[in-house]
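Trainee: Give me a 3D structure for the following:
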Amino acid sequence: MKVLKISLIASIVCSTLLGANAFASSHREAPNITRFPTLDSTDFYAFNSYEAGREDFVTLIANYIPLQDAYGGPNYYAMDPAAVYSIHIDNDGDAIEDLTFQFNFTNELANNNQGIALTVGPADNQRSVSVPLKNIGGITAADQSAANFSESYELTLVKGPQNSGSATALTNTSGAMFHKPLDYIGNKSFGDSSAYASYAGQFIYEFNLDGCASPGKVFVGQRKDPFVVNLGKTFDLVNYVPVEGDSAPGAGDQGGFPGGITQSVDNDDLMDKNVTAISIEVPKSCLTTQGNGTIGAWTTASLPQARILNPNAKVGKTEVNGGALTQVSRLGNPLVNELVIGLKDKDTFSTSHPKDDTQFADYVTHPSLPELLNILFKDAVNQTLGTNIETLAPTNFPRIDLVTAFLTGFAGVNQLEMVTPSEMLRLNTGIPAKSRDMQSAFGVAGDDLAGFPNGRRPGDDVVDIALRVVMGRLCYPIPVNGTDTDLGLCTSDDAIVGNVPFTDGAPVDATMMMDHFPYLATPLSGSK
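Mentor: Presented below is the predicted three-dimensional model:
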């Protein structure tokens, strides 16, 4: 009866929690970034590479341009040529980037930016007319002559703070430029999924890194969105019971909470969406030049401060940009700007830097959402269950469990040598990666130290993990190397619903991705 009551409380709490926040990772996470979709970072990953033979490498993936419909022609999803997309590494713990990989894109039409033209009309009245499409025929790995549009990029490594450090252009080991493949327009243009994969695979490059014994790898291109979330029903006043309905996820036995949601790919409302991934793989030794082998990482996108629109816009001349580079997007840990930061400060967080994160401390030490849920629903829960519960929200203040998860990392797992409270993904490069088939979608909480929040892999179920952590999961023992371990951050008395299996019913695991770089799956086709 006690378990049943706690589960019922959890379902009411979680329903409101999900209804108040869009658990779409960082898809459209702040008011201002909705105006800059090409600069909107959707997800960020940092993990020890688990491709066979690549154990000495770290992979970092920054996804941009959310909610891409595969059929989004005729222009599809190009990167902003005025923007600077960055992946930052802090390897000494001062919350200031020591290394930054910068990406600057150039868009160009065929024929020196004039585009492919067709001769139209009879012999005595012909015109050369530019075509409206990005390709005029089939494209294969061997023949890309029908492409009417291309994107290339420059890759730069900045050592030291991004705005004042020493910048070095990184070069393709083959000597060629870095290019981005066309998006997966459709099967008439590319054949089938395997043919597109072969085509896109030609855009995986090796690049030189001074002082590194091995080159890095880079790929920028469209991928299937790896994030999963039960979004539509969530917004419909949470039209499901968000507690696991089976005895274990996927068991199919209805042995969990009566009426609770069970795991199904049909619950993933991003199933039909693509994203654009910026992916790099770098030798660990080139990232951990200082500190204890643990790194902090995050991604940003920036624009020049001023943009003057051309009233007579032409290709390549739509505006003039100038002024200081200004950050408009930021992402480290998933769900922070959605779940933790208050609405009035979401745009501030997008433009801020980790070293200044003390300004957001109250959102972590004294989170408003659990307390708001308690104020709104405690009486209803007590009346429904005939209980006299004092509070549904965790009662440990300050919330050291959240400070550890979001701002400092866990000692002995992913905490840098110098501890500067700041929001970023933290990855211990010394913890061996687990192969795709051995990974737990629940990361550290699933007895898998190689997963979230020790970095983040594409197959980590961060929605369910975040739900449980916010409501007090870390106040209960978690398995570490097979042994239930009390982290000493808080106690079970501090979180009455902290051990309830919150879930949105949208499963994700590593088998949904590739087992090699660039890891994310081939994008969905715009046309069958």
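Trainee: And the strands in the stretch 351-500 of the chain?
Mentor: For the stretch 351-500 of the chain, the strands defined by DSSP state E, counting those that start in this stretch occupy 425-428, 478-480, 483-485.
Trainee: Under the pLDDT cut-off, which ranges of the chain? List them.
Mentor: Filtered on pLDDT under 70, the chain yields the residue ranges 1-26, 230, 233-242, 372-373, 375-385.
Trainee: ok, back up a step: so for residue 163, which of the strands of the stretch 351-500 of the chain sits nearest?
Mentor: strand 425-428 (21.7 Å; CB to CB). To be clear about C-beta, it is placed using only N, CA and C from the backbone, and glycine gets the same treatment.
Trainee: And the contacts of that closest one?
Mentor: 44-48, 58, 293-298, 332-333, 409, 413-416, 449, 453-456 (CB atoms under 8 Å, 6 or more residues apart in numbering).
Trainee: which stretches of the stretch 51-200 of the chain form helices?
Mentor: Applying DSSP state H, counting those that start in this stretch to the stretch 51-200 of the chain gives helices spanning 110-113, 187-190, 193-201.
Trainee: any chance of those in a markdown table, with mean neighbour count too?
Mentor: Output for the helices of the stretch 51-200 of the chain, formatted as a markdown table (neighbours: other CB atoms under 10 Å):
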| stretch | mean neighbour count |
| --- | --- |
| helix 110-113 | 12 |
| helix 187-190 | 20 |
| helix 193-201 | 17 |
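Trainee: nearest to residue 225, of the ones you listed?
Mentor: Closest approach to residue 225 among the helices of the stretch 51-200 of the chain is made by helix 193-201 (15.7 Å; CB to CB).
Trainee: re the thing from before, okay, the strands of the stretch 351-500 of the chain in JSON lines with distance to residue 328 and mean neighbour count next?
Mentor: Shown next, in JSON lines, are these (distance: least, CB to CB, whole Å; neighbours: other CB atoms under 10 Å):
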{"stretch": "strand 425-428", "distance to residue 328": "20", "mean neighbour count": "26"}
{"stretch": "strand 478-480", "distance to residue 328": "36", "mean neighbour count": "16"}
{"stretch": "strand 483-485", "distance to residue 328": "41", "mean neighbour count": "10"}
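Trainee: so how far is stretch 481-500 off the chain centroid?
Mentor: Distance, stretch centre to chain centre, for stretch 481-500: 27 Å (CA atoms, centre = their mean, to the nearest Å).
Trainee: Enumerate every residue touching the residue nearest to residue 354 when sequence neighbours are not counted.
Mentor: Leaving aside its sequence neighbours, residue 354 sits nearest to residue 422 (CB to CB, 6 or more residues apart in numbering; 3.7 Å). Taking CB under 8 Å, 6+ apart, we find residue 422 in contact with 95, 296, 354-355, 357, 407.
Trainee: circling back to that earlier point, just the buried residues from the contacts of strand 425-428, in ChimeraX please.
Mentor: Burial among the contacts of strand 425-428 is assessed by 16 or more other CB atoms under 10 Å; the matching ChimeraX selection reads:
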select :44,45,46,47,48,58,293,294,295,296,297,298,332,333,409,413,414,415,416,449,453,454,455,456
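Trainee: contacting residues for the spatially closest residue to residue 171 that is not a sequence neighbour?
Mentor: The shortest distance from residue 171 to any non-neighbouring residue, by CB to CB, 6+ apart, is to residue 208 (5.4 Å). Contacts for residue 208 (CB under 8 Å, 6+ apart) come out as 170-171, 173, 215.
Trainee: all strands in the stretch 101-250 of the chain, in order from the N-terminus.
Mentor: Going by DSSP E, counting those that start in this stretch, the stretch 101-250 of the chain shows strands at 117-120, 127-130, 149-159, 166-170, 178-180, 205-207, 216-224.
Trainee: List the contacts of the residue lying farthest from the centre of the chain.
Mentor: The C-alpha centroid of the chain is most remote from residue 124, which lies 56.7 Å away (CA atoms, centre = their mean). Residue 124 sits next to no residue when contact means CB under 8 Å, 6+ apart.
Trainee: That one and residue 130, how far apart?
Mentor: Taking CB to CB, to the nearest Å as the measure, residue 124 falls 22 Å from residue 130.
Trainee: what's the first-to-last distance across stretch 206-225?
Mentor: For stretch 206-225, the first-to-last residue distance is 24 Å (CA to CA, to the nearest Å).
Trainee: same deal with stretch 36-45?
Mentor: One end of stretch 36-45 sits 21 Å from the other (CA to CA).
Trainee: now swap in stretch 470-477 and tell me
Mentor: Separation of the first and last residues of stretch 470-477 by CA to CA is 15 Å.
Trainee: So what touches that stretch?
Mentor: 10, 13-14, 17, 339-340, 367, 369-370, 394, 396, 401-402, 404-405, 445, 465, 484-487, 489-492, 494-500, 502.
Trainee: and if you look at stretch 91-98?
Mentor: If you take CB under 8 Å, 6+ apart as the criterion, stretch 91-98 is touched by 88-90, 99, 158-162, 287-291, 295-296, 353-355, 357, 416-422, 424.
Trainee: With stretch 520-528 instead?
Mentor: Here stretch 520-528 makes contact (CB under 8 Å, 6+ apart) with 61, 63, 69-73, 76, 183-188, 190, 193, 196-197, 200, 222-224, 226, 272-274, 277, 279, 458, 512-514.
Trainee: State which strand of the chain is the longest.
Mentor: Longest strand of the chain, by residue count under DSSP state E: strand 294-314.
Trainee: now the angle between strand 294-314 and the following helix or strand past it, please.
Mentor: Following strand 294-314 in sequence order, the next helix or strand is strand 317-331 (DSSP states H and E). Here the directions of strand 317-331 and strand 294-314 differ by 160 degrees (axes from the mean of the first three to the mean of the last three CA atoms, to 10 degrees).
Trainee: distance between strand 317-331 and the chain's centre?
Mentor: With CA atoms, centre = their mean, you get 22 Å for strand 317-331.
Trainee: how about it: buried residues?
Mentor: In terms of neighbour count (16+ other CB under 10 Å), strand 317-331 has its buried residues at 327-331.
Trainee: From those residues, pick the one nearest residue 247.
Mentor: Nearest to residue 247, judged by CB to CB, of those is residue 331 at 35.2 Å.
Trainee: Could you report the neighbour count for the residue nearest to residue 461 when sequence neighbours are not counted?
Mentor: Using CB to CB, 6+ apart and skipping the chain neighbours, the partner closest in space to residue 461 is residue 441 (4.2 Å). Neighbour count of residue 441, defined by other CB atoms under 10 Å: 23.
Trainee: same question, the one 3 residues further on
Mentor: Residues near residue 444, counting by other CB under 10 Å, number 23.
Trainee: Show me where the stretch 251-400 of the chain has its helices.
Mentor: Counting by DSSP H, counting those that start in this stretch, the helices of the stretch 251-400 of the chain are 284-287, 346-351, 361-365, 368-385, 400-403.
Trainee: now do the stretch 401-528 of the chain
Mentor: Going by DSSP H, counting those that start in this stretch, the stretch 401-528 of the chain shows helices at 462-470.
Trainee: returning to what we had before: top of the contacts of residue 208 by neighbour count?
Mentor: residue 170 (20 neighbours).
Trainee: Let me know whether that residue touches residue 212 as I believe.
Mentor: No - between residue 170 and residue 212 there is no contact under CB atoms under 8 Å: 10.7 Å.
Trainee: one step back: could I get the strands of the stretch 351-500 of the chain as CSV with distance to residue 311?
Mentor: Formatted as CSV, the strands of the stretch 351-500 of the chain follow (distance: least, CB to CB, whole Å):
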stretch, distance to residue 311
strand 425-428, 43
strand 478-480, 59
strand 483-485, 64
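Trainee: Next, format the helices of the stretch 51-200 of the chain as JSON lines and append distance to residue 315.
Mentor: Shown next, in JSON lines, are these (distance: least, CB to CB, whole Å):
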{"stretch": "helix 110-113", "distance to residue 315": "6"}
{"stretch": "helix 187-190", "distance to residue 315": "22"}
{"stretch": "helix 193-201", "distance to residue 315": "25"}
